[in-house]
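*Asks:* what would the 3D arrangement of this be:
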Amino acid sequence: MIYNKNLHRYPVRVFPVNPRGGLLQGTKVFSRVSEIPEKIDMAVIAARAEYVPDILTDCIDSGVRAAAVISGGFAESGRNDLEERLVAIAREADFPFIGPNCLGIYSPGQADTFFLPGERMVQPHRGNIALVSQSGGILVDQMIKFTEEEVGLSVAVSIGNKALIKENDLLDYLAGDANTRVIVFYVEGFGKNEGRQFVLAANRCPKPVVVIKAGKSPGGSRAVSSHTASLSGDYEVFSAVLSQYGVIEARSETELISFCEALLCYPRTVTGKVGIVTGSGGHGAMAVDNCSVRGISVPVLSEHIQKEIKDGLSPSIRDIASVANPVDLTGSAVDDDFIAAGEHLSKVDDIDCLLFLMLPYLPGITSDVGARLGHIYRTWGKPIIAYVPLVEKYRMIIDGFELNGIPVSNSIEGAVKMVEAIRRPGV
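*Replies:* Below you'll find the model as predicted:
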């Protein structure tokens, strides 16, 4: 499966290896890696666990540069000795490998070691988020969800038991990878001292690092141990340490996507004093409630600023709009009212992020409003986040925002989560 997928779908040369030899689709099957007449960049090893050490040795002797060990049956099933033997062989030869008990590496447009049929795989386009996961299944799920949100990946790495290459190694590599702007880790647990080293390294990383953790409950901890032989540790302590060192924790899959979209647009942080602009008082109230739950400030605007905003609004809504914050422009607002409110709020020192709750079905709103608000961001540089219902009818409005580097959520809660992603109190 892996051979066919890479042969037909990717710009790499692939060679099948199996002790029985023979032909595969008219291509020679080599009985050993050492028989391949070319130098190999990466071996994908999918064989019974007890055969893997010899295969790894053959790869090393043949000058292969690295490997992804897909095979299971190591520490996660009690075979610590077999896993330790793999590590000893690799370390002696300074030979890197991912796994075992993993899916390996997905590099958009380059290679795919996942043992999943190509026609069933959802393949994200090339982008700037790197996903690293102990769980192959979780990784594929996230790839599907990122594709649904049109968020691209620089690379996806399933590390499984992480016997040799661990989170810290990949964090160090991805920190210097020009194609990666946000780094995501699905973490089940760490070995002794690994967690501390990871948090310190993530704190030093010049790019945003997002962590989503499994094994938060006693039952989850047991499941983690049987899955990848990891020690999940005390979740509350780990979560507190992440916060203390400025590492972003996503508490759910929906948070993870919201956080990543926001951080791609705004890697620099804000204190989280939000100006909310809406065409519906109810939407504004829901946004304030969501901000309050997350400790995000929605400061009341001064009377002077409120007067400036009102003076810039259309005469038809000037007397009925509420501009204390949220700025409720009412259902009679037109594009120019949203633009005027956005321009005024962009100049307010006590506001460092703008949240626009766009209701595209309002009669005065046009498909240009997203692009026009995008111009405000490009002019003033104050982060803008938008809520727009995700319906194809409103795609032009969404595109107007996104083409100008403004993240869009299809829920009010998701939009507030985006604010939370870029908020760091005291920055």
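*Asks:* now the closest residue to residue 31 other than its chain neighbours, what's its secondary structure?
*Replies:* Nearest non-adjacent residue to residue 31, counting by Cβ to Cβ, 6 or more residues apart in numbering: residue 21, 4.5 Å away. Using the backbone N, CA and C atoms, a C-beta is placed for each residue, glycine as well. With DSSP: H, G, I helix; E, B strand; the rest coil as the basis, residue 21 sits in coil.
*Asks:* so who does residue 21 touch?
*Replies:* By Cβ atoms under 8 Å, 6 or more residues apart in numbering, residue 21 lies in contact with 28, 29, 30, 31.
*Asks:* so what does the second one have for phi and psi?
*Replies:* So the one you mean is residue 29. phi -100, psi 120 (degrees, to the nearest 10).
*Asks:* now it: how far from residue 410?
*Replies:* From residue 29 over to residue 410 the distance is 49 Å, taken as Cβ to Cβ, to the nearest Å.
*Asks:* counting neighbours, what do you get for the closest residue to residue 19 other than its chain neighbours?
*Replies:* Nearest non-adjacent residue to residue 19, counting by Cβ to Cβ, 6+ apart: residue 31, 5.3 Å away. Counted with other Cβ atoms under 10 Å, residues neighbouring residue 31 total 13.
*Asks:* quick check: residue 31 touching residue 15?
*Replies:* No. In this structure, residue 31 is not within contact of residue 15 by Cβ atoms under 8 Å, at 11.6 Å.
*Asks:* confirm that residue 43 sits in a strand.
*Replies:* Yes. Membership of residue 43 in a strand is supported by three-state DSSP.
*Asks:* now for it: which residues touch it?
*Replies:* 33, 55, 59, 64, 66, 67, 68.
*Asks:* can you rerun that using 6 Å?
*Replies:* Residues in contact with residue 43 (Cβ atoms under 6 Å, 6 or more residues apart in numbering) are 59, 64, 67.
*Asks:* show me how to select, in ChimeraX, the buried members of these.
*Replies:* Here is the ChimeraX command that picks out the buried ones among the contacts of residue 43, judged by 16 or more other Cβ atoms under 10 Å:
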select :59,64,67
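*Asks:* from the contacts of residue 43, which is closest to residue 125?
*Replies:* Using Cβ to Cβ, residue 67 comes nearest to residue 125 of the contacts of residue 43, at 27.0 Å.
*Asks:* which one's more surrounded, residue 29 and residue 410?
*Replies:* Per other Cβ under 10 Å, whichever of residue 29 and residue 410 has more neighbours is residue 29, with 17 against 14.
*Asks:* tell me where the model's unsure across the protein.
*Replies:* By pLDDT under 70, the weakly predicted segments of the chain are 215-233, 425-427.
*Asks:* so what are the domain limits for it?
*Replies:* Following automatic domain parsing, one finds the domains of the chain at 2-263, 269-422.
*Asks:* just the buried positions in the helix or strand residue 140 falls within, please.
*Replies:* With secondary structure defined by DSSP states H and E, residue 140 is part of helix 136-148. By 16+ other Cβ under 10 Å, the buried positions in helix 136-148 come out as 136, 138, 139, 140, 142, 143, 145, 146.
*Asks:* how about those in TSV, adding distance to residue 155?
*Replies:* Formatted as TSV, the buried residues of helix 136-148 follow (distance: Cβ to Cβ, whole Å):
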residue	distance to residue 155
136	15
138	16
139	11
140	14
142	13
143	11
145	17
146	12
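*Asks:* nearest to residue 10, of these?
*Replies:* Checking the buried residues of helix 136-148 one by one against residue 10 (Cβ to Cβ), the nearest turns out to be residue 143, at 16.1 Å.
*Asks:* I'd like to know how many residues surround the closest residue to the closest one other than its chain neighbours.
*Replies:* Of all residues not flanking residue 143 in the chain, residue 124 sits nearest, at 5.4 Å (Cβ to Cβ, 6+ apart). Here the number of neighbours of residue 124 (other Cβ under 10 Å) works out to 24.
*Asks:* can you list contacts of stretch 175-187?
*Replies:* Taking Cβ under 6 Å, 6+ apart as the rule, stretch 175-187 contacts 128-133, 138, 154, 167, 174, 205, 207-213, 260, 263-264.
*Asks:* at 7 Å what do you get?
*Replies:* Outside stretch 175-187, the residues that touch it by Cβ atoms under 7 Å, 6 or more residues apart in numbering are 128-135, 138-139, 154, 167, 171, 174, 205-213, 256, 260, 263-264, 267.
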